[in-house]
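Q: my questions are about this predicted structure, shown below with the sequence.
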Amino acid sequence: MIKVIRDLLRFDGRFRAGFIFLLLILVMLILSWFSPYDMGKTFQVGMDKPPSLKYIFGTNTRGQDVFYWMTFAVRNSLYLGIVTAVVSRVIAIIVGLTAGYNGGLIDKALMSINDSFVVIPVLPILILVSFLVREHMSITILAVFLGIFGWSWDARLIRSQVLSLKERSFTKTALYSGTRSFRITMTEHLPFVLPVVFATTINNMIWSIGMEVTLGVLGLSSITTPTIGSTIYWANSHQALIAGIWWWLAAPIVVSVVLFLGLYLVFSSVNEYIDPRTRLRRMGA
Amino acid sequence: MKKFLLNYVLPRIGQYIMVIFVGVTVTFIIPRLSPSDPVQAQINRTMTSGVNYTPDMLDDFRASLTALYGLEGSNWEQYLEFWGRLFRGDLGRSLSSFPTPVTELIGRSMPWTLGLLLTATIISWIVGNLLGGFSSYYPKSKLLGSIDVISQAVRPIPYYILALLLVIFFAYIWPIFPIRGAYPMGMRPSYTWKFVTTVLYHSVLPAFSLIVGGVGGWFIGMKSLTSNIISEDYVVYAETAGLKQNKILFGYVIRNAMLPQITGLALNLGMIFNGAMILEVIFTYPGIGLLAYQAILSTDYTLIMGITIFSIIGVATAALILDLVYPLFDPRVRIQ
Amino acid sequence: LTGCQKKADGAAGGTASSANVQMIEGANVPRNETIILENPGGRANPPDYFNRWNGWNTSFMGGLQQLGLDSLWFIDPDAGIDGVWENALASEHPIYNKDFTEMTIKLREGIYWSDGVQFTADDLIYTIEIQMKNPGMDYTSRFNAYVDRIQKISDFEVKIFLKQPNSRFHANFLVRWNACFMMPKHIFEKVEDVTTYKFNPPVTLGPYTLKDFDPQGNWYLWEKRPDYQRTTLARMGDVGAAPKYAMYINGGTSDVKVMSAQAHQLDVIHDMAVEGVIRLTKANKSFKTWFPGFPWGHPDPTLVACILNLEKPGLNNKDVRWALALALDINRLAIASYRGAMTISPIPVPPTGMYPEYYHTPLQQWLSDYTLDLGDGTTFKPYNSNAAVEIAAKARDDLGDIVPTDPTAIKRYMGEGWWKYDVNAAAKLMQKAGLRKNSRGVWEFNDGKPFKMVFMGQTDNEPSQNRAAAMVVECWKEFGIDITLDVRSDFGTLAGTGDFDGEFYWNIETWGGHPDLSFFLDSFHSNQYRGIGENAARNVSRWKNKRMDEIIEACQKLDMDDPQVVEYGKEWIKLAVDEMFEIAVCSYNVFTVMDDTYWTGYPSIDDPYTDPVPNWTNSRYMFAKLRSTGK
Amino acid sequence: MSAHLLEVKHASKVFQVGGLINGSKLVAVNDVSFTIEKDRPEIFTIAGESGSGKTTLTRMLLRDLEPSSGDVLFEGKSVTTIRKRADFAAFMKTVQPVFQNPFETFNPLRRVEEYLFDTAVNFGIAKDRKSAVEVVDKALHSVGLSLEELSRRYPHELSGGQIQRISVARSLISHPSLILADEPVSMVDASLRMAIVNLFKKLRDEEGVSVIYITHDLATAYYISNRIAIMLRGYVVEMGPVEAVLGNPLHPYTQLLKESVPAPDPVDKEAWAKRIGLSTQEVKEYGQKGCKFASRCPKVSDKCREADPPDVEAEGRTVKCYLYGSAS
Amino acid sequence: MALLQVENLRAYYRTEMYGVSRQVRAVDDVTITLEPNEIYGVAGESSCGKTTLIKVLSGTIKPPLRVEGGSVKYNFKYGDVDMSTVTEEELRKNIRWKEISYVMQGSMSVLNPVRRVIKTFEDIIATHEGIKDRALFRERIEDHVKKLGLPPDVLNSYPHELSGGMKQRVAIALATVFKPSLIIADEPTTALDVVVQRGVLQLLKEIQSVSQNTVLLVTHDMAVHANVANKVGIMYAGRLAEEGPTELIFKRPEHPYTQHLINSLPVIGDKTGKSSLEGTPPNLANPPEGCRFHPRCPKALPICRSEVPAMKDFGGGHRAACHLLQGGRQ
Ligand SMILES: Nc1ncnc2c1ncn2[C@@H]1O[C@H](COP(=O)(O)OP(=O)(O)OP(=O)(O)O)[C@@H](O)[C@H]1O
Ligand SMILES: Nc1ncnc2c1ncn2[C@@H]1O[C@H](COP(=O)(O)OP(=O)(O)OP(=O)(O)O)[C@@H](O)[C@H]1O
Ligand SMILES: [Mg+2]
Ligand SMILES: [Mg+2]
């Protein structure tokens, strides 16, 4: 692991850039625990101060230090993205691998469920659900909900990969080595599927964070919790752009771009690194 | 042919029905779990429009609204009734715009959404796929390399901000496009050339925002798909045979990576129904998204449900049609 | 953003026609003969439904009620052109018999429908009777509850016999922001089902007729009637000089509204966050507001308050409610929600229109003397008569010189005093009420039961109010209340049935220009009390009080104009403050911005002839005063 | 217990092929029967043209595919009735495959030795990984390798010949009585081919393991096997001792096949260079009535086109042709 | 005049990934000459560099492959071409397919799976000549495939509808549409059964004898060379071990490796034990010093370990590189 990172840092400019980006985000994340301000409170600092050395991202109309607010926002949004990604990945992997490997009725049943999830539009359902859970709508609940709705497409991808993997000889070798099907999927197929899983993780995170933003813009997420969505909600409700407080909206842009560009650069170079094909090429097979 | 019907078409249609059944049922159940009751919502709406009621009058009002909305009877009865109406193509009446049928509201907004979003989605699909194909075919190109990074950088920008920035830049600071709407306030839709061009002009900015925001996703999908294909024998062979790069790129590389992207496109149509919300709100575009937004703000369940069901049926049908014509696209698709 | 606005002016404004007259693109009406107003209803759905008499109609704010319909009387939230209570279709105020069981209405002659048919008593009678007959219409239940029979005395005189005494029955025809409008009998009587009838195109009684509208519901274009002299507005001024056309449009998001206004494509913005107003008034002198500067907005005769559910444990105790009031920092609340541009009120009537004169000022002394027993043997005078001045000082920090320093100006614009922010006194009251702070610093009942609150704010077009709600939650959380903010669009629905703890909203509305409180007070009578689960109409706090019932009943026996009404009103206010059934905060400030570029003569605090808020029916009076700038 | 180790009884496999719309049936394996005796270990070669159903047949033997009709009995029990995992494990313990492409046999992302240990542990040959070392090493020794030189190696770090031998070693761990090797040498070089083929020979002679050897390389088939079956379009057209069948082929297809084997000697190229017609209608031929070779057969007669020829015993073998036996 | 002269060609794969650099010496110091109108067979074990050699000869050099030294010179009808200086454009326009065509290893998968076969023909012809008249074009292609004994309806098929042998023959048909001077066939018959292999090779041979061009045939199947090639080159680990007319190679193999190859070939009717060569082919990233065959050579001398043997000529075009050999006809 450390060797991989070292190699990539040394030899891959994209990875280096991405790594630095993620490091910045990590620093922000960590700073959130050392924030001098309580983000539940307003008017802690002067209003509408443009970015300066003292206030890197300026201050907002609510009298909050936008930088520190963003440290929390990143933390929460990232948490949302990661939980969603993990939940949906776990479901996608299990469903994809099971359906692909077992085939037959199991496959049919799982794919029907899968397809239902594919066609159900998430936003209206999410909004109805947010009416339902009311003040209990926390980031975790939202994340789990999005996770439950966000796996179907990836499961399909994984399944189609497994369908072809299962025809390859090494699967049969494993089978005739007496390996149980669960282990076959885990040890033989999972490594091939992981690059797909990784590649779609970013999509999934962008999607879930974007959903939260949409809910936030509509005011339906928990707006007292700092997230990228609630940042936009508050900036919007204070007409930040019109009022010329551009840094209030620039902050979430900068942070999301840095975060996702970092993830993209790192993931894509790690993916290249671990992708069986490149890995084989590198090892010279 | 008969085999094809029996082994492929019928099960696929069965699955289609199943999917719609599940989707519609979910859509029926969820609002009914909600604490907010549509009759109460309407009463509230009426009260805020300045009419003073006593609670007794409200009880009366309530009874008459319940009857009007068809909310009498047990949930089970309503559910059956709901299906009955659905089969007649009736999605009920909007609660906030009573007594207008939901289908009428959807029908009025749908052409706009379809026109704008379908076009923009298809354009961003085409552009994203082309760029993605190009970028894995010419991995050395600096230009494509930066497009790669830029497209990925734009992707996470919350759409709301992206669209707002575009409006501010291109309609306010440098006012070359209108600020909002699908056509100017005061103009009446008609089938004239002038109206059509006006509508096109008005759609440039929203479409552009969608395209800018949407290209990245297709780009990355295509890039990863084609990166497998460029090392396939038939591509190497075509190169060896001296085919022009364009020919190889389009006829060999992109063409073979197209299928999953086509499926993706079909499923993405769902976005047309819900992802458009922010867009239409910002641009005051008279489509389904704005309708849904209003439905949400006024807790108009029948309308929300109607839009959801419409979306489910729309996407499921798109996917069904696609699956049925799939064999025509790709000669390799077979059944076991 | 400044500096670029010049370019914006021409580009999107419209195209010049050959006669060098700016035409509104598409609409084909000259820009300088048209006033463009925001329809706060947004996109109308369905747009072609002009039957205002059904509860579900949502498209009436696109000019229909402002310009197309008319009723018997108007009451102005402000001073009015010709007094507060104006006779519109009626020629005199209502004439009641002694015991308020009969009401006689005399109608004005010479008023015509836009199709040339004269308005007569038949229309009035028809309007009442058809609604009584058709359940589900706006006034069905109210007319059925009171109207016994109607007697047509002449073509222009009607007598209504009531089932029970009601000194405020005329309120049904007294337009505050709307009322029961007259229906054209000659149109509706030909219709089979009046409840589903669209009334498209509407035959109007008001000064304008519908010229065109957007099938997508985004705009309505009204044209002045050539026979505007035959409408009630003609009396009020030179309607001939009024805009020939009025276009009500869906304004879009706040940002878009500001941008369109700067491009002079929108003459009257209904409301937005205060920042938009600051932006516009700074950018261009042509933008006018109700107050000439800070605090800009027009204070609606509506009171915004922290409404509490008195059925909930803890909240059913008046000491807790008082504690919550004292735990609110009005300074921060004002800055957070309106950047200080708030018109505060410690008492549950709005500090607007004529009300300060009737109630706020006379009660100052009483407020200052008001004393609370803190339960530990000490007492506390909660009133801070200097609150508005303090807020103004805070606002100056942020906004600078535009905030007045003169105490009289402040008093006129922002109200006077409010409750002290004193968490110690508040804590004592909590203890008095049987609560204690636990180890986490959170209030709980002495028996260990948690004291939790969910406080609702609203999502939709009122950002300022939600900003305030968030601040309320912040203050109370600081005080140690276990509270969460729940922002939702269906909060009203939940509050109606009592499924809530607290909300930041308005439930007290008054006539504005007239001191009579019956407009909201009647609904606080215990015979209208409803428990949790039932619809409580206006009294969502579910406050019951014997003395209050007596006051209400006494008022009902008085004529609306009887001076005694004000005295009862004061008594009620004292009772309400003592009980602190809800925490009154401020008036509902509507940040209406009016553009002087094409039209002038908008109402303002200096010429408060009507309410500028463009969705109010009263805003028709603007049309009697608006004049072209000649541009 | 039956004396037959393996008994294939009229096994057939039908596939649905072609486009969705105009698909057709394809009989990939058509009524194939043969047996392998328990106490007489042998190398049984299946050869024939590409696509004649050889792989399909082995897949049925491995229970990877279910026969459309007919049956495959292993030690007297039908393999299709194996349902329980334990039964399947017992079956796999005695029947093991060796695959064609050495680089596909093992997951490129896993170490090769893992498979050997897995096999040893899963089939209960060794209790755990530690005690499996000995078993694995022994198996590797029998193919001329050692655990030492293989440990921690990935497939791509080994040569094709090595992997193929490891693949054989893996199949030996569970002490099978039958090894199914589908073109085990087609991907390895001429010089390594002999090494693997010799290994099979050794297994049969020293360990008593029977091998079903599928190949296009008739020379090695002749070299090591006892019996051979020639397949054509799903049918076994000729089957018998390898010396008989290849030494003196009776079926016209076998004759063509033998004649087409290029002699590694540039002197007599004439026979090989004789122009032959190639079938162009592969898929269609599956559906055609009668003998599948009829369209190309130099000795074709009318009845060949009408009905399948019967299996005839002639000159110590079975041949599916009207030219021989009583049918002629 | 020779069609192709390759002198001391060295082509290496240089890879640099995450700090690990490797140099695979896939073609090392190879000198061969191809005459017009001959079939030159290249034999050798898997990964000894056969395909790499072909890549260089056909000018399809892509990183990580790099030509490190030596020269490749053609002498086409239309002019002389030095592959080290030729431009990509010229290659594409005048040489690819018009002068050199290529039947790739694993031609089974060279056809675009989503296009009908005719389309691939169309693509190639359109690139090099342009298609003016569609009907004429179709006629021409049909003619062409008919001549090769293929039914014209293969043109309307999708690749997956064709059998392996058929695809291989389509690949040959594709390679011969322009009657190029050199046809390079890389393992054209692997994975085919012997009957089909025979048919395919016969076809190739026939095309050669009709159009009198040169065929470079790569396969590790010695028996195929015996029957098809005029001249055979034996490669071992990136180097040419021996080269000569087919008869001589089979009758009198000089190099111990060639000897082993020829002797271990089984023959039908012969059941006597054949031995196999011990050891495995060397890793070209790190080839043995001296003669690359020495670790497996039964007759290795000490000198073999340190010195690269020189090519020795035995007359009649027969050459071999081995320290044991003296050169000249023994
Ligand atoms: N799963 C399948 N679905 C449809 N057809 C199949 C399937 N598997 C094999 N076939 C067809 O069955 C026929 C026999 O195939 P099989 O692989 O058994 O032949 P083979 O003798 O092993 O050929 P080769 O020598 O090329 O390996 C072929 O035409 C093949 O296309
Ligand atoms: N792209 C590449 N990068 C690095 N090394 C490579 C690459 N391609 C081939 N090689 C190495 O070059 C050597 C020669 O490969 P080449 O393909 O020329 O062999 P070959 O003789 O054609 O083998 P085969 O008979 O398997 O086709 C091999 O060791 C191979 O691993
Ligand atoms: Mg096979
Ligand atoms: Mg090769």
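A: Good, I have the coordinates. Numbering: from 1, shown residues only, chains lettered A, B, ... in the order given. Ligands and ions are numbered 1, 2, ... in the order given.
Q: when you work out contacts or count neighbours from here on, use the C-alpha atoms and nothing else.
A: Will do.
Q: quick one: secondary structure of the residue nearest to E:Val110 when sequence neighbours are not counted?
A: Of all residues not flanking E:Val110 in the chain, B:Tyr234 sits nearest, at 3.8 Å (C-alpha to C-alpha, 6 or more residues apart in numbering or on different chains). With DSSP: H, G, I helix; E, B strand; the rest coil as the basis, B:Tyr234 sits in helix.
Q: check contacts around B:Tyr234.
A: Residues near B:Tyr234 by C-alpha atoms under 8 Å, 6 or more residues apart in numbering or on different chains: B:Tyr252, E:Ser109, E:Val110, E:Leu111, E:Asn112.
Q: mind listing the helices for the stretch 201-328 of chain D?
A: Applying DSSP state H, counting those that start in this stretch to the stretch 201-328 of chain D gives helices spanning D:218-224, D:242-247, D:252-260, D:270-273, D:282-287, D:302-306.
Q: how far away is the closest residue to B:Leu164 other than its chain neighbours from E:Ser211?
A: Distances taken as C-alpha to C-alpha, 6+ apart place B:Ile282 nearest to B:Leu164, at 7.0 Å, with adjacent residues excluded. From B:Ile282 over to E:Ser211 the distance is 71 Å, taken as C-alpha to C-alpha, to the nearest Å.
Q: quick one, longest helix in chain B?
A: Assignment by DSSP state H gives helix B:193-229 as the longest helix of chain B.
Q: mind giving me the packing neighbours of that helix?
A: When contacts are defined as 3 or more C-alpha pairs under 8 Å, 6 or more residues apart in numbering or on different chains; DSSP states H and E, helix B:193-229 sits against helix B:119-137, helix B:142-154, helix B:159-167, helix B:255-274.
Q: what's the spacing between whichever residue of the stretch 51-200 of chain E sits closest to chain B and E:Val195?
A: Among all residues of the stretch 51-200 of chain E, E:Val110 sits closest to chain B, at 3.8 Å; criterion: C-alpha to the nearest C-alpha. For E:Val110, the distance to E:Val195 equals 22 Å [C-alpha to C-alpha].
Q: and for C:Thr209?
A: According to C-alpha to C-alpha, C:Thr209 and E:Val195 sit 93 Å apart.
Q: that older thread, show the model's pLDDT score for the residue nearest to E:Val110.
A: Among the per-residue scores, B:Tyr234 holds a pLDDT of 87.
Q: so what's the residue count around the residue of the stretch 51-200 of chain E closest to chain B?
A: Residues near E:Val110, counting by other C-alpha atoms under 10 Å in any protein chain shown, number 22.
Q: that one: what's it in contact with?
A: With C-alpha under 8 Å, 6+ apart, E:Val110 has these contacts: B:Asp233, B:Tyr234, B:Val235, B:Val236, B:Tyr237, E:Met104, E:Ala171.
Q: how about D:Gln100?
A: So D:Gln100 contacts D:Ala181, D:Asp182, D:Glu183, D:Pro184, D:Val185, D:Ser186, D:Met187 (C-alpha under 8 Å, 6+ apart).
Q: cool, and D:Pro184?
A: D:Val98, D:Phe99, D:Gln100, D:Asn101, D:Gln164, D:Tyr213, D:Ile214, D:Thr215.
Q: related to what we said a few turns ago, quick one: which of C:Thr209 and E:Val195 has more around it?
A: Between C:Thr209 and E:Val195, C:Thr209 has the larger neighbour count (other C-alpha under 10 Å), namely 28 against 24.
Q: give me the buried positions along the helix or strand encompassing that one.
A: Assigned by DSSP states H and E, C:Thr209 belongs to strand C:208-213. Buried residues in strand C:208-213, counted by 16 or more other C-alpha atoms under 10 Å in any protein chain shown: C:Tyr208, C:Thr209, C:Leu210, C:Asp212, C:Phe213.
Q: ok, stretch A:108-126 next?
A: By neighbour count on 16+ other C-alpha under 10 Å, the buried set for stretch A:108-126 is A:110-126.
Q: so where's the stretch 1-150 of chain E uncertain?
A: E:17-19, E:106-108 (pLDDT under 70).
Q: quick one: the helices in it?
A: Going by DSSP H, counting those that start in this stretch, the stretch 1-150 of chain E shows helices at E:50-58, E:88-90, E:117-128, E:134-147.
Q: and for chain A?
A: A:2-11, A:13-31, A:66-102, A:104-119, A:122-133, A:139-149, A:152-165, A:169-176, A:181-183, A:190-217, A:228-237, A:240-243, A:246-274, A:276-283.
Q: on that earlier part again, B:Ile282 and E:Ser211: who's more crowded?
A: Looking at B:Ile282 and E:Ser211 with other C-alpha under 10 Å, you find the greater number of neighbours at B:Ile282, namely 23 against 13.
Q: orientation of the helix or strand that one falls within relative to helix A:122-133 in degrees?
A: Using DSSP H and E, B:Ile282 sits in helix B:276-283. Orientation check (axes from the mean of the first three to the mean of the last three C-alpha atoms, to 10 degrees): helix B:276-283 against helix A:122-133 gives 90 degrees.
Q: from the contacts of D:Pro184, which is closest to chain B?
A: Using C-alpha to the nearest C-alpha, D:Asn101 comes nearest to chain B of the contacts of D:Pro184, at 18.2 Å.
Q: ok, for that closest one, nearest residue in space, not its chain neighbours?
A: Using C-alpha to C-alpha, 6+ apart and skipping the chain neighbours, the partner closest in space to D:Asn101 is D:Met187 (6.0 Å).
Q: how near is the one you found to C:Glu311?
A: Where C:Glu311 is concerned, D:Met187 sits at a distance of 84 Å (C-alpha to C-alpha).
Q: before we move on, what about C:Met132?
A: 35 Å.
Q: again, but for D:Val135
A: Counting by C-alpha to C-alpha, the separation of D:Val135 from C:Glu311 is 79 Å.
Q: those two - which one has more neighbours?
A: Neighbour count, other C-alpha under 10 Å: between D:Val135 and C:Glu311, D:Val135 has more, with 21 against 18.
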